[in-house]
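> Sequence and predicted structure are below.
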2 protein chains.
Amino acid sequence: MLKSVIVAVDAMGGDNSPGKVIAGISEYLKKNNNVFFRIFGIRSKIENELKKNSINQDNFELIHCDDVVNNNDSPLSAAKKKNTSMWQAINDVKQKKSNVVVSAGNTGALFVISKLNMSMIENISKPALAAQWPNKIDMNIVLDLGANVECDEKNFEDFAIMGSALHKALYPNDESKVALLNIGSEEIKGHETIKKAYQSMENKKNDLYDFCGYIEGNHIMDGDVNVIVTDGFTGNVALKTAEGTANFISTELKKALSQGLIAKLSSILNISNLKKFKNRLDPRMYNGAILLGLETPVIKSHGSTDYIGFANSLDVCVKTVENKLIEKIKKNINK
Amino acid sequence: MLKSVIVAVDAMGGDNSPGKVIAGISEYLKKNNNVFFRIFGIRSKIENELKKNSINQDNFELIHCDDVVNNNDSPLSAAKKKNTSMWQAINDVKQKKSNVVVSAGNTGALFVISKLNMSMIENISKPALAAQWPNKIDMNIVLDLGANVECDEKNFEDFAIMGSALHKALYPNDESKVALLNIGSEEIKGHETIKKAYQSMENKKNDLYDFCGYIEGNHIMDGDVNVIVTDGFTGNVALKTAEGTANFISTELKKALSQGLIAKLSSILNISNLKKFKNRLDPRMYNGAILLGLETPVIKSHGSTDYIGFANSLDVCVKTVENKLIEKIKKNINK
């Protein structure tokens, strides 16, 4: 039976796999049945999980692999093992048997094996890691989040194109508005690379995005822009600092709300609203980082997420294919 | 009458000045009377505010200045105006009439005028901007927060010494534990400069701090370390991202807690605990960024803070003098 999108799934990566992977596929198919999964991993373990979930035979094929990439494998040692579920899943998209690949496993290994197997999109010199980050209105795409410690101005321009193409793939009805992450909003602020990128992006217009200049860290979540470009060092620190701040605040909030009987009672009364609040910030809802710049998108699900989070990373996979992410990048990179 | 610390105060900087500055001095003197303030600014305006607050004549002298630095003055144009309250307050510490200087005014101008007037501590090549940042146990010192867009490994080592000296001045009973902000905890992570700094700090032991290696953004607030060293670009982005995240969460929380009648009622019941929560995160409580590396500490109060916040920046001023911040730096920088 023909399905519109074929996803290669490394079923063995991340915590509680393949359990959460198979449950995630089952969850995803409830809302979209028009996808076929090529599932890579240890047959016996996966079959065990398939018994617990009802997945139609039309929606998957199981491809056995003897080996797995472990979390403590170095990227280079992982890249030497060719019969892992990760390698085989990546090889599957390379051979065009599937359209996109997803793994919740070892991030470094996933990127190194992807780069070894796949060619870059022409005229893009460095791949970037992108992820979704909520803002007051909807969602930002932020990149690079760690693939490149150092970047030049051409990389920043490429990231802007790749990031806005991704934004359009995930949110087809929104305008992409790009900003460069900097330490001030005036033109003279920041280092030489960012100033050169600003000049170049200000002068070059394209049909993918509006260039909105610089943005400071405290405005990332305002919703005035939705594609935020930075180098992998700064982006990684910013994303993790935001996570740490959110954790700190929720810990302090829990402490405050649980002190004393009245506090406990009123928290119970208020619980449905606090749940709404939690859902708004639930990282599972925007799970799925994307390695951009290769001929096929590579999706990295968070290792510690559960089946709901994994199902959301499948949603990212399908949207990047259906909405022609790679074609959008190719069309704009040479302008 | 002899006071142990003399503070030069630019009374004209920041929102609602000189009102909040004079009220802040009055507030501070309630808990520590052993300080003398040399207050610089427009006499008529300050005298007006002095009438509203009861400050003992033994605790201050008013020095009239015709001119003020405006928020939209560029640092260089501000530096040309020699009769501003800011310039005169800085000149006052230069002439050793006071021990430390504080302003809530234009940050760029404050730093440029300070650097023009004061010499650097010997063997420190770049000054750094440091601030307090809460963690689960107590307080971090984080630096640099924007004075230097690019840094080399020697700068990082200097920042570690200056940051831990500041930590010891503000929290004399705590051990200083220094970490370098990076994108992973393994030795091979990050750019060349940070790796060189790591090697050098790992090999050099000193009596000011324990070196704890790398820290990632999501662990800044864990409390395992308390002095966090980074370049001014990364530090500025990280601090502002944390601010933005905290704002985003509190906006979402307010929305969630105010939807529906039951929610409103239970929020009222819970209000004292939410107040405690707010106090824990109140930025006024750790107001006062410090420019380190000059022969005298220069304290920058947040421009938008109120008199409580300004009083807390005076607390920082007094502690840096009483606990011999500069001597601590000088003693350790040449080791």
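Cool, got the structure.
> Which residue is the nearest non-sequential neighbour of A:T107?
Closest residue in space to A:T107, ignoring its immediate chain neighbours: A:K300 at 5.8 Å, by C-beta to C-beta, 6 or more residues apart in numbering or on different chains. (C-beta placed from N, C-alpha, C; glycine too.)
> and the one you found, how many neighbours does it have?
Neighbour count for A:K300, taken as other C-beta atoms under 10 Å in any protein chain shown: 26.
> In the sheet, which residues pair with it? Tell me.
Beta bridges link A:K300 to A:S103, A:A289 when assigned by DSSP bridges.
> residues in contact with it?
Residues counted as contacts of A:K300 (C-beta atoms under 8 Å, 6 or more residues apart in numbering or on different chains) are A:V102, A:S103, A:A104, A:T107, A:L110, A:L129, A:G288, A:A289, A:I290, A:L291, A:S313.
> Of those, just say which sits nearest to A:S74.
Proximity of the contacts of A:K300 to A:S74 (C-beta to C-beta) peaks at A:T107, which lies at 12.0 Å.
> what number of residues lie near the closest one?
20.
> Distance-wise, check it relative to chain B.
Remark: distance between A:T107 and chain B (C-beta to the nearest C-beta, to the nearest Å) = 10 Å.
> again, but for A:S98
Taken as C-beta to the nearest C-beta, the span from A:S98 to chain B is 31 Å.
> ok, which stretches of the stretch 151-300 of chain A are strands?
A:176-181, A:209-215, A:227-229, A:289-292, A:298-300 (DSSP state E, counting those that start in this stretch).
> Out of these, which one sits most buried?
strand A:227-229 (a mean of 29; mean count of other C-beta atoms under 10 Å in any protein chain shown).
> And that strand, how far out from the chain middle?
Centroid displacement of strand A:227-229 relative to its chain, using C-alpha atoms, centre = their mean, to the nearest Å, is 14 Å.
> quick one: is that strand near chain B?
No. Judged by C-beta under 8 Å from any C-beta of the partner chain, strand A:227-229 and chain B are separated, with a smallest distance of 10.5 Å.
> Give me the contacts around that strand.
With C-beta under 8 Å, 6+ apart, strand A:227-229 has contacts from A:133, A:140-143, A:156, A:159-160, A:163-164, A:167, A:176-181, A:197, A:209, A:215, A:220.
> check those residues against chain B, which are close?
Restricting those to those near chain B by C-beta under 8 Å from any C-beta leaves A:L181, A:I220.
> Looks like A:E216 contacts A:E186 (just checking).
No. The pair A:E216 / A:E186 is not scored as a contact, 10.7 Å apart, by C-beta atoms under 8 Å.
> quick one, which of these two is more surrounded?
Comparing A:E216 with A:E186 by other C-beta under 10 Å, the one with more neighbours is A:E216, at 20 against 10.
> May I have the phi/psi pair for the more buried one?
phi -100, psi 160 (degrees, to the nearest 10).
> same thing with the one 10 residues further on?
Backbone torsions of A:N226, given as degrees, to the nearest 10, read phi -140, psi 0.
> Count the neighbours of A:N72 for me.
Neighbour tally, A:N72, other C-beta under 10 Å: 8.
> what sits against the residue of the stretch 51-200 of chain A found nearest chain B?
With C-beta to the nearest C-beta, the shortest gap between the stretch 51-200 of chain A and chain B falls at A:I183, namely 4.1 Å. Neighbouring residues of A:I183 by C-beta under 8 Å, 6+ apart: A:K189, A:G190, A:E216, B:G146, B:V149, B:G232, B:F233, B:N236, B:V237, B:K240.
> Taking these, please make a ChimeraX selection of just the buried ones.
In ChimeraX, this line selects whichever of those come out buried by 16 or more other C-beta atoms under 10 Å in any protein chain shown:
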select /A:189,190,216 /B:146,149,232,233,236,237,240
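> Redo the contacts of A:I183 as a markdown table? Include distance to B:V9 and pLDDT.
Below are the contacts of A:I183 laid out as a markdown table (distance: C-beta to C-beta, whole Å; pLDDT from 0 to 100):
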| residue | distance to B:V9 | pLDDT |
| --- | --- | --- |
| A:K189 | 29 | 83 |
| A:G190 | 32 | 90 |
| A:E216 | 29 | 95 |
| B:G146 | 23 | 89 |
| B:V149 | 30 | 91 |
| B:G232 | 26 | 94 |
| B:F233 | 31 | 96 |
| B:N236 | 26 | 93 |
| B:V237 | 31 | 95 |
| B:K240 | 27 | 91 |
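> Now, the contacts of A:I183 that are in helices?
The helices, defined by DSSP state H, take in B:G232, B:F233, B:N236, B:V237, B:K240 from the contacts of A:I183.
> Near chain A, list only the ones from those residues.
B:G232, B:F233, B:N236, B:V237, B:K240.
> Is chain B within reach of stretch A:110-128?
No. Stretch A:110-128 lies apart from chain B when judged by C-beta under 8 Å from any C-beta; the minimum separation is 13.5 Å.
> Pull out the buried residues from that stretch.
A:110-115, A:117-118, A:121, A:124, A:126-128.
> Could you export these as a markdown table, including pLDDT and distance to A:S85?
Below are the buried residues of stretch A:110-128 laid out as a markdown table (pLDDT from 0 to 100; distance: C-beta to C-beta, whole Å):
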| residue | pLDDT | distance to A:S85 |
| --- | --- | --- |
| A:L110 | 95 | 11 |
| A:F111 | 92 | 16 |
| A:V112 | 94 | 16 |
| A:I113 | 97 | 11 |
| A:S114 | 96 | 14 |
| A:K115 | 95 | 18 |
| A:N117 | 95 | 14 |
| A:M118 | 95 | 17 |
| A:I121 | 96 | 26 |
| A:I124 | 95 | 28 |
| A:K126 | 93 | 27 |
| A:P127 | 94 | 22 |
| A:A128 | 95 | 25 |
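> of all those residues, which comes closest to A:C65?
When the buried residues of stretch A:110-128 are compared against A:C65 (criterion: C-beta to C-beta), the nearest one is A:I113, at 13.0 Å.
> which secondary structure elements does the helix or strand where that closest one lies contact?
Using DSSP states H and E, the element containing A:I113 is helix A:107-117. On a contact count with 3 or more C-beta pairs under 8 Å, 6 or more residues apart in numbering or on different chains; DSSP states H and E, helix A:107-117 meets helix A:75-79, helix A:85-94, strand A:289-292, strand A:298-300.
> any residues touching it, and which ones?
So helix A:107-117 is contacted by A:10, A:13, A:69, A:73-76, A:78-79, A:86-87, A:90-91, A:94, A:101, A:103, A:127, A:129, A:147, A:291, A:294, A:298, A:300, A:303 (C-beta under 8 Å, 6+ apart).
> Thanks again, I'm all set now.
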